[in-house]
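*Asks:* model this:
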Amino acid sequence: MAPWDNSKKDRAVHPPQTNFVLSQNLPRPVAYRFLVWTMTTVVIVTGASRGIGREFAQQLARRPSVIVYAGVRDVRCLLPDSPSLRPLQCDVTSDQSVESFYASISHLEERVDVLINNAGIDLLLPIHDTSVADFHSILETNLLGVHRMIKTFLPLLRNSSKIVNIGSRYASNALNVWKERGAYSVTSAGLNMLTTQYKNVFPDGPVIISIHPGRVSLSPRGTDVYRSSLT
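*Replies:* Model (predicted):
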């Protein structure tokens, strides 16, 4: 049993301290609109085994009042350096794995504030050399995996929640002049439209965006190249 398995129970009995700041310079009815609340933020990061997902998880977990559930294929690949970093097994290509991931988190938390869909794979092949099996594999991870995560976690997402889909410049028709990542480009473009479609059906929230963080290295040598940019 993980040492934090009863955290939801503990917070229910002893809720985290909620602080607020009330402006002294405004009429009282108006001032209450400017309450600034500080409470525990619950974050999920998929694809946290290495690269940018790992950095997201580790850096966010070091921030005050943030709990990070890091989705990894093997929990041994991400040793927590903070009690707020909680690795859990999650394969976004598997309905059963994602549902188990959801069950573990929903047992502990009543909401998710930030969902970062980072899990993805690359395929360095032009489209005409890409087999159907390889195309299906990258589609299952990079596009259907994101849909699977959002759809599964909707019960824990609130209007104030944020969903961040990690995309790529390979999705751009204007910028995409490269031939070596055919299937990857197709799924990247699909991710942008998936983001748009979710925005269309949930105009009042959760807030959902697709971002391109820039080219990063997945090797340990390259970690420091992008570490400062995520702070």
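
*Asks:* which regions of the protein sit below the pLDDT cut-off?
*Replies:* Along the chain, segments meeting pLDDT under 70 span 1-38, 170-171, 173-178, 215-231.

*Asks:* Strands of that one, start to end?
*Replies:* 41-45, 66-72, 85-89, 112-117, 157-166, 207-211 (DSSP state E).

*Asks:* Quick one: those as a markdown table, columns for distance to Ile52 and mean neighbour count too.
*Replies:* Backbone N, C-alpha and C define where each C-beta goes, glycine included. Shown next, in a markdown table, are those (distance: least, Cβ to Cβ, whole Å; neighbours: other Cβ atoms under 10 Å):
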| stretch | distance to Ile52 | mean neighbour count |
| --- | --- | --- |
| strand 41-45 | 9 | 24 |
| strand 66-72 | 12 | 25 |
| strand 85-89 | 16 | 20 |
| strand 112-117 | 10 | 24 |
| strand 157-166 | 7 | 18 |
| strand 207-211 | 11 | 16 |
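
*Asks:* want to throw those into TSV with distance to Asn200?
*Replies:* Converted to TSV, the strands of the chain look like this (distance: least, Cβ to Cβ, whole Å):
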stretch	distance to Asn200
strand 41-45	23
strand 66-72	26
strand 85-89	31
strand 112-117	18
strand 157-166	14
strand 207-211	10
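
*Asks:* List just the one of these that sits closest to Ile105.
*Replies:* With respect to Ile105, and counting by Cβ to Cβ, the nearest of these is strand 66-72 at 5.4 Å.

*Asks:* For the residue nearest the centre of the chain, list each beta-bridge partner.
*Replies:* Residue closest to the average C-alpha location in the chain (Cα atoms, centre = their mean): Ile116, at 1.2 Å. Assessed by DSSP bridges, Ile116 has beta-bridge partners Val45, Val164.

*Asks:* how about it, what does it touch?
*Replies:* By Cβ atoms under 8 Å, 6 or more residues apart in numbering, Ile116 lies in contact with Val43, Ile44, Val45, Thr46, Gly53, Phe56, Val164, Ile166.

*Asks:* closest to Leu157 among these?
*Replies:* The shortest approach to Leu157 among the contacts of Ile116 belongs to Ile44, at 10.0 Å (Cβ to Cβ).

*Asks:* so what does the longest helix seen in the chain touch, helix or strand wise?
*Replies:* Looking across the chain with DSSP state H, the single longest helix is helix 182-201. When contacts are defined as 3 or more Cβ pairs under 8 Å, 6 or more residues apart in numbering; DSSP states H and E, helix 182-201 sits against helix 132-139, helix 145-153, strand 157-166, strand 207-211.

*Asks:* so which of those gets nearest Lys179?
*Replies:* helix 132-139 (15.4 Å).

*Asks:* how does the chain divide up, domain by domain?
*Replies:* With domains defined by automatic domain parsing, the chain comprises 1-39, 40-214.

*Asks:* which of these is buried the deepest?
*Replies:* Most buried of the domains of the chain, by mean neighbour count (mean count of other Cβ atoms under 10 Å): domain 40-214, with a mean of 18.

*Asks:* returning to what we had before: which pair in the contacts of Ile116 spans the largest distance?
*Replies:* Val43 and Ile166, at 13.8 Å, using Cβ to Cβ across these.

*Asks:* Adding distance to Leu191, write the helices and strands packed on helix 182-201 out as TSV.
*Replies:* Putting the helices and strands packed on helix 182-201 into TSV (distance: least, Cβ to Cβ, whole Å) gives the following:
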stretch	distance to Leu191
helix 132-139	11
helix 145-153	6
strand 157-166	6
strand 207-211	6
